[in-house]
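1. sequence plus the predicted model coming up.
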Amino acid sequence: FLRHTNALKKTSQLMASAQIPGDLVHYANVASQIRDGWTLKQAERALEALQRAETAQGGRDYYGAIRRIRKQILANIDAQWLPELKAHIESRRPAPQIIPPMSATGSSTRSTPWKMEDFDLGFQSGSRNSLMGKAAFSQAGCIHCHRQGGEGGDLGPDLSQLGRRMDRRAILESIIHPSKVIDEKYQLTNLTLRDDTELSGLVIREDSRTLRLAAGTWGDMESDVAVADIERRQLSEISPMPEGLLDGLGREQILDLLSFLETVPAAQ
C-alpha cells in the first residue's frame, strides 16, 4: 500500500476527515513511513492531525509517539518548507488564556514545609479562583511534567481526569508526600554500571541491547546505556516528583490549585 502512487494522497484525505485521536495518530504514522512525494499541503495536514491528537488525554507513551511521528514527517519533507510549516501550525494554536499575575500577598517564603493539617479542605466545589489555580499549576512547576486540559508535559501522569480518581485530600497528600504512592509507569530506575557509575532516570525505551534513560529536572536529558554494562538495576522508592513544590505558594494559592486539579475539563 505504501508504495502505491496514491498512498500519500489517500492517507492525507483520511487525516483531514478523522475525528478520533487514535485515528489521527494512526494515519499520521502511516504517512510518516512514506519518504517521497510529499506536497506542502500534505505536510500541513499531517502536522495538523498530530496537533489535534496532542490535545487529547494520554500517557507518556502516547505523547512520545506523537513526537516521534512528527520528527519523522519533518525528516521526509523539503527542508525549505519548515519556516512556513512552523508559522502555519503556530497560527492554529488556540490563544492562551490570560492568567492574572500572582499577588504579593498570595506567594509564600515559608521556612518550613506545608503539612496536611495546615489546610481546611471543606470549601465548596467551584468556589475557588480557577485562573489563580491554573497560575499556581505553572508556578509550582507542575506544568513541566503533567498535562491538565490539554496543556503541559508528559513526564508524569495526565491529570485531566484526576478529580474522578481522587478527592482533594488525596490530591493534596500526593503533592506533599509524593513518594508515598508512586505510579509504576513513572517510577525511576537506579542503575549501577560495571565501572561503578551510578545513573537514575525514567526508562523510556529498552530492547535486548540498549536502555534509554530520561533524567534531568524535567526529563530533558536522555542517555543510552548498553545493557551489557549494567551491573545492578532496581526501582527507586523515591518519586521523581520532588517534595516541597508547594512551599513557594501561599495557602490561598494552594487551595485554588486543588480546585483547579479536581475540576475535570469540559472537553473531557
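-> Great, that's in hand. The model shown is predicted, which means the values in this text are computed figures rather than measured ones.
2. and Arg169, that one's in a helix?
-> Yes. According to DSSP: H, G, I helix; E, B strand; the rest coil, the state of Arg169 is that of a helix.
3. what is the burial count for it?
-> Applying the criterion other C-beta atoms under 10 Å, we find 12 residues in the vicinity of Arg169. Glycine gets a C-beta too; all of them are placed from N, C-alpha and C.
4. do Glu262 as well
-> Other residues close to Glu262 by other C-beta under 10 Å number 21.
5. what residues are up against it?
-> Taking C-beta atoms under 8 Å, 6 or more residues apart in numbering as the criterion, Glu262 is in contact with Ser125, Leu162, Gly163, Met166, Asp167, Arg168, Ile171.
6. and the strands in the stretch 151-268 of the chain?
-> Read by DSSP state E, counting those that start in this stretch, the stretch 151-268 of the chain holds these strands, from start to end of the chain: 151-152, 189-193, 198-206, 210-215, 221-226, 230-235.
7. show me how far the shortest one is from its chain's centre.
-> Mean-position distance between strand 151-152 and its chain equals 6 Å (C-alpha atoms, centre = their mean, to the nearest Å).
8. need the residues that contact it.
-> In this structure, residues lying in contact with strand 151-152 by C-beta under 8 Å, 6+ apart are Phe137, Cys142, Ile143, His144, Cys145, His146, Leu159.
9. switch the residues you listed over to a markdown table; also include neighbour count and distance to Thr210.
-> Compiled in a markdown table, those are given as follows (neighbours: other C-beta atoms under 10 Å; distance: C-beta to C-beta, whole Å):
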| residue | neighbour count | distance to Thr210 |
| --- | --- | --- |
| Phe137 | 22 | 35 |
| Cys142 | 23 | 31 |
| Ile143 | 16 | 31 |
| His144 | 15 | 26 |
| Cys145 | 20 | 24 |
| His146 | 21 | 28 |
| Leu159 | 24 | 31 |
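10. which of those residues fall in helices?
-> The helices in this structure, assigned by DSSP state H, contain Phe137, Cys142, Ile143, His144, Cys145 from those.
11. so, low pLDDT: which residues of the stretch 101-250 of the chain?
-> Regions of the stretch 101-250 of the chain meeting the criterion pLDDT under 70 cover residues 101-111, 216-220.
12. about what we covered before: and the contacts of strand 151-152, which is closest to Asp247?
-> Using C-beta to C-beta, Cys142 comes nearest to Asp247 of the contacts of strand 151-152, at 13.7 Å.
13. the closest one and Ser160, how far apart?
-> Taking C-beta to C-beta, to the nearest Å as the measure, Cys142 and Ser160 are separated by 13 Å.
14. again, but for Leu235
-> For Leu235, the distance to Ser160 (C-beta to C-beta) stands at 26 Å.
15. please say which of those two ends up with more neighbours.
-> The residue with more neighbours, out of Leu235 and Ser160, is Ser160; 23 against 11, by other C-beta under 10 Å.
16. just checking, that one touches Phe260?
-> No. At 11.3 Å, Ser160 and Phe260 do not qualify as touching, with contact defined as C-beta atoms under 8 Å.
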